[in-house]
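>>> The following comprises the amino acid sequence and a computationally predicted model.
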Amino acid sequence: MSTLNTPVVEPVETLISTGSINEALPTTLFRFATAGSVDDGKSTLVGRLLHDSKAILADTLDAVARTSADRGFGGAAGGIDLALLTDGLRAEREQGITIDVAYRYFATDRRSFILADCPGHVQYTKNTVTGASTADAVVVLIDARKGVLEQTRRHLSVLQLLRVAHVIVAVNKIDLVDFSESVFREIQADVQQVARELGIGSAELGSADHIDDLLVIPVSALDGDNVVDRSERTPWYDGPALLEVLETLPAADEIDTQLESFRFPVQLVIRPQGALAPDAVAGGLDVEAYRDYRAYAGQITEGSVKVGDSVSVLTPGQAPRTTTVIGIDFAGDSLEEAFAPQSVAIRLADEFDVARGDTIAASGTVRESTADLYAALCWLSPKPLREGAKVLVKHGTRTVQALVRSVSGKLDLATFKLEGASSLELNDIGHAQLRLAAPLPLENYLHHRRTGAFLVIDPLDGNTLAAGLVKDHPGDHEDERYSI
Amino acid sequence: MSTFLTEETTQVTEAAVSTRLSSLDALESEAIHIIREVVAEFEKPALLFSGGKDSVVMLHLATKAFWPGKVPFPVLHVDTGHNFPEVIDFRDRTVERLGLKLVVGSVQEFIDRGELAERADGTRNPLQTVPLLDAIQQNKFDAVFGGGRRDEDKARAKERILSLRDEFGQWDPRNQRPELWNLYNGRHTVGQHVRAFPISNWTELDIWRYIERENIELPGLYYAHDREVFARDGMWRAVGEVSQPLPHEQVIVKTVRYRTVGDMSCTGAVESDAATVSDVVIEVAASTITERGATRADDRISEAAMEDRKKDGYF
């Protein structure tokens, strides 16, 4: 009978006093990714974060402890091989590889974390691009015994290209170099040198067009030094532990809420006519007042909007139409203001035709739509890109046909220089020019991480071929840091 | 209390609130965006609805996504025939309240026709796959919303938010489309369909906090109640029509609740005094055992039980 799984419940008072449940201070959401090379201890680090933040429950821990014992693991944390906490699918174990990004969850009193765990050895570009596309921060691992490798440079190049706001370099296995300050300082200097070459952290803090900051932290994932708590074994390091950094860095949507950048791709039109929700009607909704209800549903990708703001509706092939926001609705609540990344429904003063695929933006801030797309493409498919190929481009809520006019070069990730190429293979990053079947309100990815991003899709089988980043129109002022 | 706040403190608080959503608000916003994308891009979506807490939260999110309009798709229930009666009652009341169409795929009918065989252990959860795929084909659903969460299982941890399934409903973990930014690629060919998981990024605790915040009604068995139970496989099983104790299994009355609601023959209860949603939030926050580990016999069969079922078309 003792084997019955009865949840262990602590008295409420204990929870409240330790702050585990605190209604007054709701937690915020922070998304980050991890990237590393083979055997640099990334699985152990992720396992350590999950274990020390108590995200691993007893039955999972028991299973891992049994497997650790079976395999003769004798390390710290009570003989548990923390790397097993992130052990993957049987399909992966059979092949001895990690297939792709796995998502993991843990929380502290201040934040809920979504961790995109990106495997390093197979298709690292594909995995890093995927994980970094939604990340507020990325943790790059370095083995203290090996220092900065070519793989490290490649990871940092991809993160700079994707303009991840915060990069944290964890110098792992610091225990295996006897907690040596000089080893750490040397690696730190090398990382900073690479960062300077890539232009990381060189612009003003808080602007959206570059990696804001780059932190280097000495850690031992195996023993837990500087992961959750600051370590006494690195007295020469006076910076924060990794989790402290993750708890306090501003998330992407904490930085950018000015009206000037308001962007809202319309997902669909809410126009119930007669078909009002029965539960809303039963709850006292005024049926007459909602007979002609018409609102545009979507998620604000950037900036904020208030009732009374002047906005432009961008429809491909038409001049921008200016109107006023007369209502912001969300499930029965009328909001005065909404901001990214809220999902809302917006009502406009003028009753002109607005449909899925249109974008509502702060008026006068978006330039004319264009059918000429200049982009950096991260090629994610085993099927190579050739000039003349016909593809689909998905941008915001609109998908259009496109012709690949030319491939103008491929990025050498180790040197961050562009070299000649006329095709792109899996994991290549290159420049291409596409001609779109209909013009789109394209924006430079440097300044608009959402409306500057797009997917390239194979029209034959529907697979995603590439992650696209919009570059400036030719002839416009080219940002030097973006002229990869 | 407020008299002690300086003007400066108040301003700081307001600024923080106006530029930052709580984690629940951010998760809700993400889920609603996904639900709207699927409705906009697919011909005929449906929502898997079992009356379980995750599917109830999914339906609540759908009502918010299309307010003041009706939820624009039917709900689909794969009925094992081994249900808790109060859950079926809850399902029917919910469908009625929201004016939805209910499609039922019945495991019993497949067994009666000889197209499915009862398992030796009596568990019917794994038998749901065939009626599910049949209902999808019969009704020509091209997208099916599910309440799957990535924190439930390591196979789910690697599943996409929009997950493409072939003609046989199979999931191929080695051949998934990369999911970038908030741009979801739902393209599929004839015969294929997509499973959509808008609450992928929620944890069990997020679900309960949201149920508490939004005052969402759930079937009563999620809260502590007295029930006749017997011990089997390290779990408390309810006594019911399809769940009878063996001669050596002693029936006792315990105060229990359910953390998951599934097939009565393989879902176990946990001892608990959590009678209200706030009690449950506290219990889940302090719990040391995963919900599937605690209450699902079918996930204990092997380490890769979920992975195997998913490859065969399970949700």
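Great, that's in hand.
>>> near chain A, which residues of the stretch 51-200 of chain B?
Neighbours of chain A within the stretch 51-200 of chain B, by Cβ under 8 Å from any Cβ of the partner chain: B:63-71, B:97-99, B:150-151, B:154-155, B:157-158, B:164, B:173-174, B:176-183, B:185, B:187-189, B:200. (C-beta placed from N, C-alpha, C; glycine too.)
>>> for chain A, which spans come out with low pLDDT?
Across chain A, the ranges flagged by pLDDT under 70 are A:1-25, A:54-61, A:72-79, A:83-99, A:121-123, A:201-212, A:253-260, A:473-484.
>>> Determine the longest strand present in it.
Using DSSP state E to define each element, chain A has its longest strand at strand A:398-412.
>>> Quick one: list the elements packing against it.
Helices and strands touching strand A:398-412, by 3 or more Cβ pairs under 8 Å, 6 or more residues apart in numbering or on different chains; DSSP states H and E, are strand A:385-386, strand A:390-395, strand A:417-419, strand A:423-424, strand A:429-440.
>>> Neighbouring strands - and their directions - for the last one?
If I follow you right, that is strand A:429-440. Next to strand A:429-440 in the sheet, as set by DSSP bridges, lie strand A:370-379 (antiparallel), strand A:398-412 (antiparallel).
>>> May I see the ones you listed organised as CSV, with mean neighbour count added?
Putting the strands paired with strand A:429-440 into CSV (neighbours: other Cβ atoms under 10 Å in any protein chain shown) gives the following:
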stretch, mean neighbour count
strand A:370-379, 21
strand A:398-412, 18
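>>> Nearest approach to B:Gln108 belongs to which of the ones you listed?
strand A:398-412 (42.4 Å; Cβ to Cβ).
>>> buried sites along stretch B:178-193?
Residues of stretch B:178-193 classed as buried: B:Pro178, B:Glu179, B:Leu180, B:Trp181, B:Asn182, B:Leu183, B:Tyr184, B:Asn185, B:Gly186, B:Arg187, B:His188, B:His193 (neighbour count, 16 or more other Cβ atoms under 10 Å in any protein chain shown).
>>> Setting aside sequence neighbours, what's the nearest residue to A:Glu186?
A:Gly147 (7.2 Å; Cβ to Cβ, 6 or more residues apart in numbering or on different chains).
>>> Quick check: the one you found touching A:Phe184?
No - using Cβ atoms under 8 Å, A:Gly147 is not in contact with A:Phe184; the gap is 10.2 Å.
>>> With neighbour numbers in mind, choose between the two.
A count of neighbours by other Cβ atoms under 10 Å in any protein chain shown puts A:Phe184 above the other of A:Gly147 and A:Phe184, at 20 against 14.
>>> does that one sit in a helix, a strand or a coil?
Three-state assignment for A:Phe184 (DSSP: H, G, I helix; E, B strand; the rest coil): helix.
>>> Quick check: buried residues in the longest strand seen in chain B?
Across chain B, the longest stretch assigned as strand under DSSP E is strand B:225-232. Using 16+ other Cβ under 10 Å as the test for burial, strand B:225-232 gives B:His225, B:Arg227, B:Val229, B:Phe230, B:Ala231.
>>> Which neighbouring elements make contact with it?
Going by 3+ Cβ pairs under 8 Å, 6+ apart, strand B:225-232 lies up against strand B:235-238, strand B:252-257.
>>> deepest of those strands, which one?
Per-stretch averages of neighbours, counted by mean count of other Cβ atoms under 10 Å in any protein chain shown, single out strand B:235-238 among the helices and strands packed on strand B:225-232, with a mean of 21.
>>> how does the chain divide into domains?
This is for chain A. Per automatic domain parsing, the structural domains of chain A span A:21-253, A:259-362, A:370-482.
>>> nope, chain B please
B:21-204+B:307-311, B:216-300.
>>> Adding mean pLDDT as columns, could you present the ones you listed in JSON lines?
Shown next, in JSON lines, are the domains of chain B (pLDDT from 0 to 100):
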{"stretch": "domain B:21-204+B:307-311", "mean pLDDT": "90"}
{"stretch": "domain B:216-300", "mean pLDDT": "83"}
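>>> Export the ones you listed as JSON lines, with columns for distance to A:Ala371.
Putting the domains of chain B into JSON lines (distance: least, Cβ to Cβ, whole Å) gives the following:
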{"stretch": "domain B:21-204+B:307-311", "distance to A:Ala371": "20"}
{"stretch": "domain B:216-300", "distance to A:Ala371": "47"}
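>>> Just say which of those domains is most tucked in.
Each of these was scored by mean neighbour count; the highest is domain B:21-204+B:307-311, a mean of 20, by mean count of other Cβ under 10 Å.
>>> now, the most widely separated pair of the buried residues of stretch B:178-193?
Taking Cβ to Cβ, no two of the buried residues of stretch B:178-193 sit farther apart than B:Trp181 and B:His193, at 23.7 Å.
>>> So for chain A, the centremost residue is which one?
By Cα atoms, centre = their mean, chain A has its centre lying nearest to A:Thr134, at 1.5 Å.
>>> residues contacting the closest residue to that residue other than its chain neighbours?
Distances taken as Cβ to Cβ, 6+ apart put A:Arg31 closest to A:Thr134, at 5.5 Å, once the chain neighbours are dropped. With contact set as Cβ atoms under 8 Å, 6 or more residues apart in numbering or on different chains, A:Arg31 has these partners: A:Phe113, A:Ile114, A:Ala116, A:Thr134, A:Ala135, A:Asp136, A:Ala251.
>>> I appreciate the help and will end here.
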